[in-house]
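*Asks:* Give me a 3D structure for the following:
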Amino acid sequence: EKLYREAIMLEPSHPLLRRNLARLYHEQHDKAIKVFEMDLASEAKGAGRKAEEQYRAAIDLCSASGSGPKELIAGFVLNLASLVISLPMGCRWEEGLELFRGALEADPTCVEASLGVASILYDRHGVLAE
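*Replies:* I've put the predicted structure just below:
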């Protein structure tokens, strides 16, 4: 970088020097973006694991005690399903599908769960309906 800047000071109208310096900066930019994305993905995955743990604990508590309205349990399962299919959590499509189906069992009127099932079946299996 320093050599290119010095060369440009000597030859300010030389386009290839400027292009090469631009390429160098561009590579630094791309590398910084990749590092940022990796750090961000790692942070997102860590928070996602904690969220998954808490959703599963809430579902287990409601299931064990048999307490709580069906809509509440369906909401927990729906949130967990949405989480596990996310990119930072590994796009766990089959697990998400089963969770969306579980939310539908808990609350057959849950539109979000119906859409989740339909979306995964179509996008991942080419199936329009069950």
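
*Asks:* Just give me the neighbour total for L61.
*Replies:* Using other Cβ atoms under 10 Å, L61 is surrounded by 13 other residues. All C-beta atoms are positioned from the backbone trio N, CA, C, and that covers glycine.

*Asks:* so which helix or strand takes in it?
*Replies:* Using DSSP states H and E, L61 falls within helix 15-65.

*Asks:* Could I get the buried residue list for the helix or strand following that helix?
*Replies:* Later in the chain than helix 15-65, the nearest helix or strand by DSSP H and E is helix 70-84. Under the neighbour-count criterion of 16 or more other Cβ atoms under 10 Å, helix 70-84 has 73-84 buried.

*Asks:* and C91, what pLDDT?
*Replies:* Note on C91: pLDDT of 93.

*Asks:* contacting residues around it?
*Replies:* I85 (Cβ atoms under 8 Å, 6 or more residues apart in numbering).

*Asks:* sorry, back to before: closest one to F36 out of the buried residues of helix 70-84, please.
*Replies:* Proximity of the buried residues of helix 70-84 to F36 (Cβ to Cβ) peaks at L83, which lies at 22.5 Å.

*Asks:* how close does that closest one get to Y25?
*Replies:* 38 Å (Cβ to Cβ, to the nearest Å).

*Asks:* before we move on, the earlier item: from the buried residues of helix 70-84, which single one is nearest P108?
*Replies:* Comparing these against P108 with Cβ to Cβ places A74 closest, at 9.1 Å.

*Asks:* end to end, how far does stretch 79-89 reach?
*Replies:* Length of stretch 79-89, first residue to last, Cα to Cα, to the nearest Å: 13 Å.

*Asks:* Pull out the buried residues from stretch 97-116.
*Replies:* For stretch 97-116, the neighbour count (16+ other Cβ under 10 Å) marks 97-104, 106-107, 110, 112-113, 116 as buried.

*Asks:* Out of the residues you listed, which one has the weakest pLDDT?
*Replies:* Looking at the buried residues of stretch 97-116 by pLDDT, the weakest one is A106, with 83.

*Asks:* Quick check: pLDDT value at the nearest residue to that residue once chain neighbours are set aside.
*Replies:* Spatially, and ignoring its direct neighbours in sequence, A106 is nearest to A74 (4.0 Å; Cβ to Cβ, 6 or more residues apart in numbering). On the pLDDT scale, A74 is placed at 86.
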